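Enquirer: Fold the following.
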Amino acid sequence: MNNAKLKYWPIFFLVTFVEGVISLVWLGLIPPDAKSSIFLGFSFRRLLMIASIIVILAIFAFGGWYSWHHRDWRERWLNPSRRPRLFRWLTVVTAIIALGVELILLYLRYYDPERLAPFYVRSRPLLGYLFLSCTQLAVWFLVLRFGSNLRVLGRRLIIWILAWGSISFLVYLALSPTGGGELHTRWYIQTFDPRRYERHGEDYCALDYQGSLEDQYQIAKNIRQRLANIDRQKALLAIFNKVTKGAKTNTEKHLRLLEFIQKSSYHTPDISSYSEGDWVYDPLVLLELGDIWCTQGAILAIDLFGAAGYPGRLVQLAHHQIAEIYYDGDWHYFDTDLFGNGETVLDDNGNIPSVAEMSRGEYQKLDVLPAFQEFNVMDCTGSDAGGVYYPSYFYFSSEAYQTDVPQGYYMGLAGAYEFERGWMAIDIAPNDEVLLNDFRAQYTPTKPIFSNVQFDAGYTTLTVSFTATDLDNDLAGYRVFVSNHSRGWDYNQFYGDESTKAYWANPGGWKPDMYEQLFELPPSNISLIKLDADQEQVDIPIERGMSYFITVMPFDSYGQSVGRILYPASNELKVTVP
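Expert: Okay, here's the model as predicted:
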């Protein structure tokens, strides 16, 4: 019954051969990667794919030539009625191979587009050719077997199409953005490593944070597309659980999340945006970028806590926004931007207060913390050595609000757990009202600038000269830390005379490993020398053959009055005595 159709075998082989030639040309026209080139500009993988297509072409070319010239061979081996069991299995196998190749293509296209796009582009000619040829073979086998019985042929084709389409559709739903990306979500959760994001945020002198605004916009858009199919609720809850794992109280969870976001973020000169005025608020995109301003960090915190069932709200301060999280019957402030390394105010009971509670109590506890420590070293592209505000000014000074929006409004989500929308003002309850003060801005001293490093004639004394200023003129003195080992961090720039730069302990600049040492006092196991404000040089006893690590840290009267310990420090000097 199939004899009449057997004469079309040579044409079938010819069509598949031509399709293979097109695939081979397509593969060859894809621009090669010069870094992995081993022959004729092609990588080993590309050469292997080219060889695979050539082998398939050779098989189809031989089949076409031999079936054209040997009719008896065509009747004996290519006739389903002669070998029904063989052709039944060939139909199933070719269909399964075609379906498997299609699923591989779907995986490469939709699972992780940014990472897998190069593999998808380069393998598409080979995989596409395999898919097309195997699909054609499966259909051709069905036609040869049931072509004379159109009802059976139609029923078989419908069953194959429905089964094939259903499997493909389910896989597409699991992988694609429009389908919800369940597999991608699971993989994202499984592979999410909080430390990787912390390291990214700590590496704020990396090239990732440099470049034109247009480049930064495009990076944000690419990340949004790559993460579009991830279920935010599931992913954020998983991140919350990973970061807070082992925390026994809500306060401990708060501190874990605070440290995570502070370490994972960097306040760049330009806010993360998709385009001019189109800011990034998507929590997963923000974590990937690491470029997070105060408002974005606050919303990220609210999203993370919200995924775990904790209510949150935005708090408007002067030129600054923070979050407050509700648990244990009260609100608790959450500042991701002005502070670092998990630094926050704790009351006498070890709890984190709300902004309103701080305003009615010891609000100057904010100024004890080493605020702006990250900003002090964020000079990757060069900056001056200016001092910084004490943070209570932005929280509680009526003067600060005269140049910004009035204090006193909170914002919450208009609906249940929404992203990038739905924010609305919240009426202030009496116990939520923030009390403002009439104090003026207080500034920390500037980083000291070195002007001279000099040995005496007998190499028994080292004299180091420096200077620092204070914008509110309350510089009280200096502390000079002298040790036989490094403090473990330094700026990306050197602040001092060119002649003193030769003694810079870390000319390599800022590195992520330095982050936590930024919040510790420099070592002083050799000596700690205290100087008055008018003493701008120090004499350090030294011995020949020894190396001395020296840090100068100014302090001011206001900081001393509130109990501050850590101030903007100088570069670290390393002086080896001849």
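
Enquirer: Please determine how far His184 is located from Tyr107.
Expert: Going from His184 to Tyr107 by CB to CB, to the nearest Å gives 10 Å. C-beta: built from backbone N, CA, C; applies to glycine.

Enquirer: what residues do those two have in common as contacts?
Expert: By CB atoms under 8 Å, 6 or more residues apart in numbering, His184 and Tyr107 have these common neighbours: Leu175.

Enquirer: Give the burial count for Leu29, as a bare number.
Expert: 8 (other CB atoms under 10 Å).

Enquirer: For the remainder of this discussion, apply numbering that starts at 881.
Expert: All set: I'll call the first residue 881, so the last point we hit is now Leu909.

Enquirer: Now do the domain split for the chain, please.
Expert: Here the domain parsing of the chain from automatic domain parsing is 883-1056, 1077-1312, 1329-1456.

Enquirer: what about the longest one, how long is it end to end?
Expert: To tie it back to what came earlier, the one meant is domain 1077-1312. 34 Å (CA to CA, to the nearest Å).

Enquirer: what's the answer for stretch 1321-1336, then?
Expert: First-to-last residue span, stretch 1321-1336, CA to CA: 43 Å.

Enquirer: Now distance to Ala1321 too, for the domains of the chain, in CSV please.
Expert: Shown next, in CSV, are the domains of the chain (distance: least, CB to CB, whole Å):
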stretch, distance to Ala1321
domain 883-1056, 45
domain 1077-1312, 5
domain 1329-1456, 7
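
Enquirer: Make JSON lines from the ones you listed and add distance to Tyr1323 and mean pLDDT to it.
Expert: Converted to JSON lines, the domains of the chain look like this (distance: least, CB to CB, whole Å; pLDDT from 0 to 100):
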{"stretch": "domain 883-1056", "distance to Tyr1323": "44", "mean pLDDT": "85"}
{"stretch": "domain 1077-1312", "distance to Tyr1323": "4", "mean pLDDT": "87"}
{"stretch": "domain 1329-1456", "distance to Tyr1323": "4", "mean pLDDT": "94"}
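
Enquirer: Name all residues that make contact with the residue most central in space within the chain.
Expert: The residue lying closest to the centre of the chain (CA atoms, centre = their mean) is Glu1168, at 2.2 Å. Contacts for Glu1168 (CB under 8 Å, 6+ apart) come out as Ile1103, Leu1107.

Enquirer: Quickly find the element holding it.
Expert: Assigned by DSSP states H and E, Glu1168 belongs to helix 1163-1169.

Enquirer: buried ones in that helix?
Expert: Pro1163, Leu1164, Val1165, Leu1166, Leu1167, Glu1168, Leu1169 (16 or more other CB atoms under 10 Å).

Enquirer: In this structure the fifth one contacts Pro1074, no?
Expert: No - taking contacts as CB atoms under 8 Å, Leu1167 lies outside contact range of Pro1074: 9.5 Å.

Enquirer: Helices of the stretch 1231-1380 of the chain, start to end?
Expert: Assigned by DSSP state H, counting those that start in this stretch, the helices in the stretch 1231-1380 of the chain fall at 1235-1240, 1245-1248, 1253-1257, 1272-1276, 1278-1281.

Enquirer: Redo these as TSV? Include mean neighbour count and distance to Pro1458.
Expert: Converted to TSV, the helices of the stretch 1231-1380 of the chain look like this (neighbours: other CB atoms under 10 Å; distance: least, CB to CB, whole Å):
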stretch	mean neighbour count	distance to Pro1458
helix 1235-1240	20	53
helix 1245-1248	20	42
helix 1253-1257	22	31
helix 1272-1276	23	48
helix 1278-1281	17	52
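
Enquirer: Dump those helices into JSON lines; add distance to Asp1336 as well.
Expert: JSON lines is the format used below for those (distance: least, CB to CB, whole Å):
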{"stretch": "helix 1235-1240", "distance to Asp1336": "51"}
{"stretch": "helix 1245-1248", "distance to Asp1336": "39"}
{"stretch": "helix 1253-1257", "distance to Asp1336": "33"}
{"stretch": "helix 1272-1276", "distance to Asp1336": "44"}
{"stretch": "helix 1278-1281", "distance to Asp1336": "49"}
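
Enquirer: closest to Gln1070 out of these?
Expert: helix 1253-1257 (30.6 Å; CB to CB).

Enquirer: who touches the closest one?
Expert: 1084, 1146-1147, 1219-1221, 1268, 1327, 1369-1372, 1390, 1398-1399, 1446, 1448.

Enquirer: export that helix as PDB, just CAs?
Expert: Provided in PDB are the C-alpha atoms of helix 1253-1257 (Å, rounded to 0.1, in the frame of the first residue of the first chain):
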ATOM      1  CA  GLN A1253      31.600  55.700  56.800                       C
ATOM      2  CA  GLU A1254      31.000  54.300  53.300                       C
ATOM      3  CA  PHE A1255      30.600  57.800  51.900                       C
ATOM      4  CA  ASN A1256      33.900  58.700  53.400                       C
ATOM      5  CA  VAL A1257      35.700  56.200  51.200                       C
END
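
Enquirer: starting at the chain centroid, how far to that helix?
Expert: Centroid separation for helix 1253-1257 versus its chain: 20 Å, with CA atoms, centre = their mean, to the nearest Å.

Enquirer: same question, stretch 1208-1226
Expert: 22 Å.

Enquirer: next one: stretch 976-988
Expert: On CA atoms, centre = their mean, the centre of stretch 976-988 falls 31 Å from the chain's centre.

Enquirer: how about it: buried residues?
Expert: Ile977, Ala978, Leu979, Val981, Glu982, Ile984, Leu985, Leu986, Tyr987, Leu988.

Enquirer: before we move on, the earlier item: ok, the buried residues of helix 1163-1169 vs Ala1115, which is closest?
Expert: Checking the buried residues of helix 1163-1169 one by one against Ala1115 (CB to CB), the nearest turns out to be Leu1164, at 6.2 Å.

Enquirer: Thought Ala1115 was touching the closest one, still the case?
Expert: Yes - using CB under 8 Å, Leu1164 makes contact with Ala1115 at a distance of 6.2 Å.

Enquirer: wait, what's in contact with Tyr1395?
Expert: With CB under 8 Å, 6+ apart, Tyr1395 has these contacts: Glu1082, Lys1143, Gly1220, Asn1221, Trp1369.

Enquirer: Pro1392 is in contact with the last one, correct?
Expert: No - counting by CB under 8 Å, Pro1392 is not a contact partner of Trp1369; they are 10.3 Å apart.
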